[in-house]
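**Q** Build me a model from this:
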Amino acid sequence: MRIKIVFALNFLLLLNACNESGLSSDAKKIYDNRQELMQRFSNVDVWRRGDSAFLLHIYNGEKANRYLFKGNNGLKLQRDTIQFRLSEIERFKNVDTINQNTGVRDLLIELLNSMDALNIREISNDRMRLGINPEFFLNKGGVVFFVRDLSLVTNPVWQNYIKESKVIGENWYYRSKKQ
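**A** Numbering: from 1, shown residues only. This is a model prediction of the structure:
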């Protein structure tokens, strides 16, 4: 009986220590996999709209190609807005023009699978000009984000946003849903 009480107390202390860190387990997974995620989600946004609509933005500098896909059992391209040829970026260098829509759909499926595995709802790189990217929005709320250079963040609202967030590593921040 005494061992059970000691075990329960140790468990409660461990649980409390984890909660005091203010970092969710999902946020920790993102931080632990940050190198791979930075590469995989470089220059893309993935936004979910409900359970069956997905926006994929692919960036090439200031230009962005935007794609809207719908469907649960097989994604179908509904609309696109193109500002550059996909062959201009490394990811699509060897994809011929005829197969580009399939390549974009396959990329979205790959990204969604990675996001689902890490409990990520959405990914955004659209604040690149502000010095904040990427941002990983978690399913349970909260966001993990990277700031390349704090001196590039000149907007007072964003400076305050960063200051109120928890530092979890060099240039990495976490902001809980409660903040």
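**Q** which residues of the chain score low on pLDDT?
**A** Counting by pLDDT under 70, the chain shows low-confidence ranges at 1-22, 179.
**Q** Name the SS class of Arg105, please.
**A** With DSSP: H, G, I helix; E, B strand; the rest coil as the basis, the three-state label of Arg105 is helix.
**Q** for Leu112, that is, sorry about that
**A** Here Leu112 takes the helix state, with states given by three-state DSSP.
**Q** For Val157, see how far away it is.
**A** Note on Leu112: its distance to Val157, by CB to CB, to the nearest Å, is 31 Å. C-beta coordinates here come from the backbone N, C-alpha and C atoms, glycine included.
**Q** And the two? Which one has more around it.
**A** Each of Leu112 and Val157 has its neighbours counted (other CB atoms under 10 Å); Leu112 has more, 17 against 8.
**Q** all strands in this structure, in order from the N-terminus.
**A** Taking DSSP state E as the criterion, the chain contains strands spanning 44-49, 53-60, 63-70, 76-81, 120-124, 132-138, 143-147, 166-169, 172-175.
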